[in-house]
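Enquirer: Predicted model and sequence below, questions to follow.
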Amino acid sequence: DALEGVHIVRACCAGHGVSLLLDADGGVHTCGTGAALGLGGVTAVDVPMRVTALSGVRVVSAALCANHALAVTSEGHAYSWGQVSAGLGLGRSSLDAESELERVDVPQRVHSVPPLRVPVGRPC
């Protein structure tokens, strides 16, 4: 099993085919089909996979929208990924220099907002 030994504490589902799971250690796991997987160019997975780009940070809250995802860490830092046209808040300078960039395949820290305060235990 993909999640054997992993204690899932929250689950988020989006209407566009992606599910996001938060584990007890602050890890993020995704599955489904779409731009919001955050798995480095993988656009379809049948079983939940850990979003390794968020290893080393503890995610306490997350949200899925139609084509992008957002996560907030225990330190209040926001990360986003998915379809650029969805408005990821990253700014062009923090993305690839290519003007045709359509998707951010792995979570990127959003530097344009100050650290956020998110109560632990809020639903994703």
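Expert: Cool, the structure landed.
Enquirer: What about Leu54, how many residues nearby?
Expert: By other C-beta atoms under 10 Å, the residues close to Leu54 number 21. For the C-beta atoms, the positions are set from N, CA and C on the backbone; glycine is no exception.
Enquirer: mind listing what it touches?
Expert: Counting by C-beta atoms under 8 Å, 6 or more residues apart in numbering, Leu54 touches Gly27, Val28, Gly38, Ala71, Tyr79, Pro107.
Enquirer: Just the buried ones out of the residues you listed, please.
Expert: Using 16 or more other C-beta atoms under 10 Å as the burial test, the contacts of Leu54 include Gly27, Val28, Gly38, Ala71, Tyr79, Pro107 as buried.
Enquirer: Between its first and last residues, how far does stretch 8-19 reach?
Expert: Distance across stretch 8-19, first residue to last, is 13 Å (C-alpha to C-alpha, to the nearest Å).
Enquirer: Equivalent analysis for stretch 22-29, please.
Expert: The first residue of stretch 22-29 is 6 Å away from its last residue (C-alpha to C-alpha).
Enquirer: which of the residues in it are buried?
Expert: Using 16+ other C-beta under 10 Å as the test for burial, stretch 22-29 gives Leu22, Asp23, Gly26, Gly27, Val28, His29.
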